[in-house]
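J.: Give me a 3D structure for the following:
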Amino acid sequence: MEYRAIRDPLWKHIYLPEELAATLTTPDFVRLSRIRQLGPAELVYPGAVHTRAGHSLGVYEIARRILERLEQRGADQWITATGRISWYAAALFHDIGHFPYTHSLKELPLEEHEVLSGRIVLGDDIARCIAKAGGDPHQVAAIIDTTIPTTDPQTLFYRRLLSGVLDPDKLDYLNRDAYYCGVPYGIQDTEFTLDQLQPHKERGIMLDSAAILSVENLLFSKYLMYRSVYWHRQVRIATAMMKKALYAALSKNLVAPEELYQQDDQGIHHLLQAIPQGGFPEIILAQGVAERQLYKVVTEIKFDSENPFHRQLESLQRRHQAEEELAESLAVPATHVLIDIPERISFESDLWICDEELPFSQSSTVFSSQTVAAFTGSLRKIRVAVREPRSHENIYKIIARFFELNYNESNSIC
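T.: The predicted structure is shown next:
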């Protein structure tokens, strides 16, 4: 098999089978080169202009190294030549159906990007290249899209490798995002981590307790990257502005979900700009992002899972309704008010620790349930932002009163 060498700032030479390298010029993969991995994070970190295409190549490289290590330690007993190429292809194409603006659009009524990715790899161009390389396009789709039914043990093994605590996706994006943002928080000792992996046909991978620090480092890095980069207040507001504009366009049937699936960073703006503005005042939100005129955060509230109103705001529809109610209280248009709340994230891990015969979360790690809860609790903040904040304290009093009244009302209903 012939390989093409591709230079990468993180992993240096990436050797891609020539048949898979042929897919890099297909329209679906080229689109990834027009989608920034971190969406609007460049507003805060100017170097964060790396793309989904670069990340996809990095995930392929880490996936190749992982399988190489696991085969050396016994996984070769159930790994086939076809399965190996299918695994490589699944890593390379795991994000090929991804939307622009990172994961911020997941709340919208759209299909999951994994489902779209699975569908794309079965298209003629990419499926033909996968088969020519010796892989099975249907197995590739089933590895990526877990909604596809399968009982094949090898496919299930690859699924666990692709989605887990020490998966190739995290090992690439934490390192890559930290590199391009110019921060040290996401850097991993990747080679050490890979050297600790042990294969298990049903569990995917396992570790000895000596390697617990690898998982701890990754989880703490993930926390720091969320705190400093992914959920930076300006990044959150920019993505929330785009989300609100797109939610309005979808709700008003001005845009169909299918029109969003193949967009890149610029295409999504062009799509919204093409809507007649008479019935689409929310266009000012997308324009604000494009022109770097972000709404200003006027209030931050720690998310309280015991607060029924806070829990209600996790619903995009209820959040939109709350924005309208708050805008009325502030005597401003509803398009001028934004409520942002980060999605739920997890720092839990069921990775098996062999010598302790326990899952990671119950092992001798410092990542106890209390620590994990503290991490999550410190990250999630409800933010209220407005287009043109007033210069006096009255706005803060109105917002505080609004949250207090809704809490009391929600609590009485409960």
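J.: contacts and neighbour counts: CA atoms only from here.
T.: OK.
J.: Ser315 versus the residue nearest the centre of the chain, what's the distance?
T.: By C-alpha atoms, centre = their mean, the mean C-alpha position of the chain lies nearest to His103, the distance being 4.3 Å. Distance, His103 to Ser315, using C-alpha to C-alpha, to the nearest Å: 16 Å.
J.: So which residues make contact with the strand or helix carrying Ala131?
T.: Element membership for Ala131 (DSSP states H and E) is helix 124-133. Applying C-alpha atoms under 8 Å, 6 or more residues apart in numbering, the contact partners of helix 124-133 are 17-20, 22-23, 26, 85-86, 89, 120-121, 136-137.
J.: same deal with stretch 140-157?
T.: With C-alpha under 8 Å, 6+ apart, stretch 140-157 has contacts from 78-79, 83, 86-87, 89-90, 94, 114-115, 117-119, 121-122, 139, 158-159, 162, 201-204.
J.: ok, now how distant is Ala290 from Trp231?
T.: Distance, Ala290 to Trp231, using C-alpha to C-alpha: 19 Å.
J.: Make a PyMOL selection of whichever of the contacts of helix 124-133 turn out to be buried.
T.: This is the PyMOL syntax for the buried subset of the contacts of helix 124-133, where burial follows 16 or more other C-alpha atoms under 10 Å:
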select buried, resi 17+18+19+20+23+85+86+89+120+121+136+137
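J.: Just the ones in strands from the contacts of helix 124-133, please.
T.: Judged by DSSP state E, strands contain the following of these: Pro17.
J.: Could I get the full set of strands for this protein?
T.: 3-8, 12-17, 198-200, 204-207, 296-302, 337-340, 352-353, 358-359, 381-386.
J.: Output the below-cut-off pLDDT ranges for the stretch 251-400 of the chain.
T.: Applying pLDDT under 70 to the stretch 251-400 of the chain flags residues 391-393.
J.: Could you rerun that using 90?
T.: 262, 276-279, 305, 343-350, 361-362, 366-378, 388-396 (pLDDT under 90).
J.: the helices in it, which residues?
T.: Shown for the stretch 251-400 of the chain, the helices assigned by DSSP state H, counting those that start in this stretch span residues 257-260, 265-273, 283-290, 308-312, 316-330, 369-379, 394-413.
J.: want to throw these into a markdown table with distance to Ala41?
T.: Listed next are these as a markdown table, based on distance: least, C-alpha to C-alpha, whole Å:
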| stretch | distance to Ala41 |
| --- | --- |
| helix 257-260 | 21 |
| helix 265-273 | 13 |
| helix 283-290 | 11 |
| helix 308-312 | 26 |
| helix 316-330 | 22 |
| helix 369-379 | 17 |
| helix 394-413 | 27 |
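J.: Among those helices, which comes closest to Phe347?
T.: Of all the helices of the stretch 251-400 of the chain, it is helix 369-379 that lies closest to Phe347, at 6.0 Å by C-alpha to C-alpha.
J.: tell me which strands and helices the closest one is in contact with?
T.: Where contact means 3 or more C-alpha pairs under 8 Å, 6 or more residues apart in numbering; DSSP states H and E, helix 369-379 is not packed against any helix or strand.
J.: could you give the angle of it to strand 296-302?
T.: Here helix 369-379 points in a direction 160 degrees away from that of strand 296-302 (axes from the mean of the first three to the mean of the last three C-alpha atoms, to 10 degrees).
J.: List the buried residues in helix 369-379.
T.: Here helix 369-379 shows 372, 375-376, 379 as buried, counting by 16+ other C-alpha under 10 Å.
J.: So which of those is the closest to Gln362?
T.: The shortest approach to Gln362 among the buried residues of helix 369-379 belongs to Val372, at 12.1 Å (C-alpha to C-alpha).
J.: looking at it, the closest one is touching Ser361, isn't it?
T.: No. Contact between Val372 and Ser361 fails when scored by C-alpha atoms under 8 Å: they sit 9.4 Å apart.
J.: Right, I'll call it a day here.
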